[in-house]
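[1] here is my input; please provide its structure:
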Amino acid sequence: MSIQITPAASDRMRAFLAKSPEAAGVRFSVKRMGCSGFGYVVDLAGAVAADDQVMDIDGIRVVVDPKSLPLVDGTLIDFQRQGLNASFVFHNPNATGECGCGESFTVS
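    Below is the predicted model of the structure:
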């Protein structure tokens, strides 16, 4: 299992965690959505399930559920600002396609 986080994404996640010290970490997952099939979700982890994969990345506890794990293994998470917009950006070697707006991805 390999997930990487850029310094910009790490800073953003630390800011989220600092506002919610009761969080168990950052949950990284996917859900069915968009025109390509799957969308990324980065949120605070309220709890860790027994079958969750938990890893420490740059001092950040990252939690991934077993259904999302094969879809996000190898992903690099970045955080970018473009003008007034700011968002996490995902570089996923498992994605075989993305929708035109970049909100969802496909895995073959």
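[2] going forward, measure contacts between C-alpha atoms and count neighbours the same way
    Fine.
[3] report the beta-bridge partners for the residue nearest to the spatial centre of the chain.
    Against the mean C-alpha coordinate of the chain, by CA atoms, centre = their mean, the closest residue is residue 28 at 3.7 Å. Assessed by DSSP bridges, residue 28 has beta-bridge partners residue 42.
[4] ok, now how distant is it from residue 82?
    Distance, residue 28 to residue 82, using CA to CA, to the nearest Å: 23 Å.
[5] now the residue in the chain sticking out farthest from the centre. Its backbone dihedrals?
    In the chain, counting by CA atoms, centre = their mean, residue 83 sits farthest out from the average C-alpha position, at 22.2 Å. Backbone torsions of residue 83, given as degrees, to the nearest 10, read phi 60, psi -130.
[6] longest helix in this protein, please.
    Looking across the chain with DSSP state H, the single longest helix is helix 7-19.
[7] buried ones in it?
    With burial defined by 16 or more other CA atoms under 10 Å, the residues of helix 7-19 counted as buried are 9, 10, 12, 13, 14, 16, 17.
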